[in-house]
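Mind looking at a prediction? Sequence and model below.
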Amino acid sequence: MARSFWSGTISFGLVNIPIKLATAVREKNIHFHMLSPDGTCRLRRKLYCPETGKEYDFNETARGYEVAPGQYVIVDEGELEKLRPESGRAIEIAQFVDAAEIDPIYFSHTYYLVPDDAGVRAYRLLMEAMKKADRVAVARFVMRQKEHLAALRVRGESLLLQTMHYADEVLSAEEAGATTEPVQLPAKEIQIAEQLIEALTAPFDAAAFRDEYRLRVEELIERKAAGEEVVTAAVAEEEAPRIINLREALEKSLQQAKKSEKQAKTQTRRPRRKTA
């Protein structure tokens, strides 16, 4: 069971619902420590001036913002403290919107809203009302000395809170260089591309996708921890094939997709052998 790390209330008009935040995602990254070559000593980083070589303790440091190359504005903790938002324990709902109105690019981190025993009835009331109205709540709250924008939505029999990026944090396609000039495409190529999309369309099953690299690294660590001598073959990187004829590539892709789909259906329909 995930541990809660923040508690407060959902402010829904004049109704206050006591809740706790619990992590909804547990990322499974593999972290390595920096050791000496023989693995007998864990190495540490130090703060020092590269010009004088003098070392500094963390408590001796100052905060600076670079305004020009090599030029910094020093800001002390007292000045920042005066600017921080007032600490609070309320998730204040500002409005309700259609879920389709919020582009997923705005979402950052996801948490479960866990009701306290005293707030279960009000929690269920808000959840059922949002479910029937098919709406998502947009709210603000303060956590870790920062004011967050968030979306509250129903997932199954629970409420989720998803922190959001502010509008000025999200790059436009033009800023990211992702826009292209209009191109006149042959109708046949568009038709084949649509057929390829249809052939590759299937119900989404998150469990069908795995982090193969992480699983291989975990297996390697387990085998080495058990004392095995492990020799891994280097994997040569394959260059992406150059597209010479777009229509030809689409047609071949469509043929492969149809063949894979036919094989999958054959395996599904194949009768099981009767055993004596």
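Great, that's in hand.

From the contact counts, what lies against the helix or strand that contains Val120?
Assigned by DSSP states H and E, Val120 belongs to helix 120-133. Judged by 3 or more C-beta pairs under 8 Å, 6 or more residues apart in numbering; DSSP states H and E, helix 120-133 is in contact with strand 4-12, strand 15-23, strand 107-115, strand 146-155, strand 158-164. (C-beta placed from N, C-alpha, C; glycine too.)

Of these, which stretch is the most buried?
strand 158-164 (a mean of 20; mean count of other C-beta atoms under 10 Å).

May I ask you to name the longest helix in this structure?
helix 246-269 (DSSP state H).

Could you check how far stretch 25-40 is from the centre of its chain?
In this view, stretch 25-40 has its centroid 22 Å away from the chain centroid, taken as C-alpha atoms, centre = their mean, to the nearest Å.

Give me the contacts around it.
Ala2, Cys41, Arg42, Leu43, His109, Thr110, Asp211, Arg214, Val217, Glu218, Ile221 (C-beta atoms under 8 Å, 6 or more residues apart in numbering).

swap in stretch 110-120?
By C-beta under 8 Å, 6+ apart, stretch 110-120 touches 2, 4, 7, 9-10, 17-25, 122-123, 152, 158-163.

Secondary structure and pLDDT added to the contacts of stretch 25-40, as CSV?
Below are these laid out as CSV (DSSP: H, G, I helix; E, B strand; the rest coil; pLDDT from 0 to 100):
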residue, secondary structure, pLDDT
Ala2, coil, 62
Cys41, coil, 95
Arg42, strand, 95
Leu43, coil, 93
His109, strand, 96
Thr110, strand, 96
Asp211, coil, 93
Arg214, helix, 93
Val217, helix, 91
Glu218, helix, 92
Ile221, helix, 91
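
between these, which is nearest Glu51?
Closest to Glu51 out of the contacts of stretch 25-40 is Leu43 (23.2 Å), distances taken as C-beta to C-beta.

any idea how far the residue lying closest to that closest one once chain neighbours are set aside is from Arg42?
Using C-beta to C-beta, 6 or more residues apart in numbering and skipping residues adjacent in sequence, the residue nearest Leu43 is Met34, 4.5 Å away. Separation of Met34 from Arg42 (C-beta to C-beta, to the nearest Å) stands at 7 Å.
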